[in-house]
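A.B. asks: Build me a structure from this.
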Amino acid sequence: MIGNSNYNTIPTCWVDGELRLAGLDSRMIGLLRAIEQSGSLNQAAKQVGLSYKGAWQIIERANNGAPKTLVSTATGGSKGGGTCLTEAGRSLLALFTRLEQQHRQFLEQLNRGLAGDPDTVLLLQRLVVKTSASNQLFGSISAVQAGTVNAEIAVTLKGGEQVITTLTQTSLNDLGLKVGDDAVLLVNSADITLVIDSGSTRYAARNCLSGSVIRVQQDEVNAEVIVLLAGGETLAAMITQQSAQSLMLTPGVSVWAMFKSNTPVLGVMPSR
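C.D. replies: The predicted model follows:
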């Protein structure tokens, strides 16, 4: 059964990064904030997921590297001791907080600029698609042929090859597909058949893509064959070791990758 999906959940935060100030990272600042709130190094360490010894080591490095002491620790006494930020420590924390706000605004500005460039968004969307399928082929919908029960969708890849996939009429209506939409085809490696001469035998597979072998990895039972298509995409096909040997598949050998129209999972990219 073919499944289909709409990739509207792809994140729009393309640029991200951690703010560091003179070697002080978010973990150190988090520890300072926790100390300011709790007044206890032990409690602060627990809040930020550090051991007491680890927190002490961080504080010691910060104090030794700063021109003024950032954290003051008192032991014993009538109040049982405690840990607190010095004036220099509070000033540093306030500075970092201001920089964090400016850092977030800077990243938001960068992401808004990227979101306004359709070509960049399309590139980034393709880079972040993650699935369990072995193969992802990107292209655009070039034809939609609706039937009584099922529909045939033609997707043209960037190398000009055309892949036909079928889906139910209900899925077609749910996805709202139209010619020109950006699409991704997900194909499992086990669903691909490799042949070395597509003209010598008749096959029921609707899709037949030409390419050349670039790598073969074998174990005791199976062989994974990586095929380079004309447009630069690669397909991974999982076949038996015996089949790989009988076809004499080695790097450079020309092959045809075949799969049925009900094999690919069709996904449509968010509208630009």
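
A.B. asks: Got phi/psi on residue 207?
C.D. replies: With angles defined as degrees, to the nearest 10, residue 207 sits at phi -110, psi 130.

A.B. asks: What score does it have for pLDDT?
C.D. replies: On pLDDT, residue 207 comes in at 92.

A.B. asks: Distance of it relative to residue 37?
C.D. replies: 61 Å (Cβ to Cβ, to the nearest Å). Every residue, glycine included, has its C-beta placed from N, CA and C.

A.B. asks: what does residue 210 give?
C.D. replies: Counting by Cβ to Cβ, the separation of residue 210 from residue 37 is 64 Å.

A.B. asks: cool, and residue 43?
C.D. replies: Distance of residue 43 to residue 37, given as Cβ to Cβ: 9 Å.

A.B. asks: still on that earlier bit, please identify which of residue 210 and residue 37 sits among more neighbours.
C.D. replies: Ranked by neighbour count (other Cβ atoms under 10 Å), residue 210 and residue 37 place residue 210 first, with 14 against 11.

A.B. asks: Helix, strand or coil: sort out that one for me.
C.D. replies: Here residue 210 is strand, with the state taken from DSSP: H, G, I helix; E, B strand; the rest coil.

A.B. asks: same thing with residue 227?
C.D. replies: State at residue 227, reduced to three classes by three-state DSSP: strand.

A.B. asks: Ok, residue 139 next?
C.D. replies: Assigned by three-state DSSP, the conformation of residue 139 is strand.

A.B. asks: residues touching it, list them.
C.D. replies: With contact set as Cβ atoms under 8 Å, 6 or more residues apart in numbering, residue 139 has these partners: 155-158, 163, 182-183, 185.
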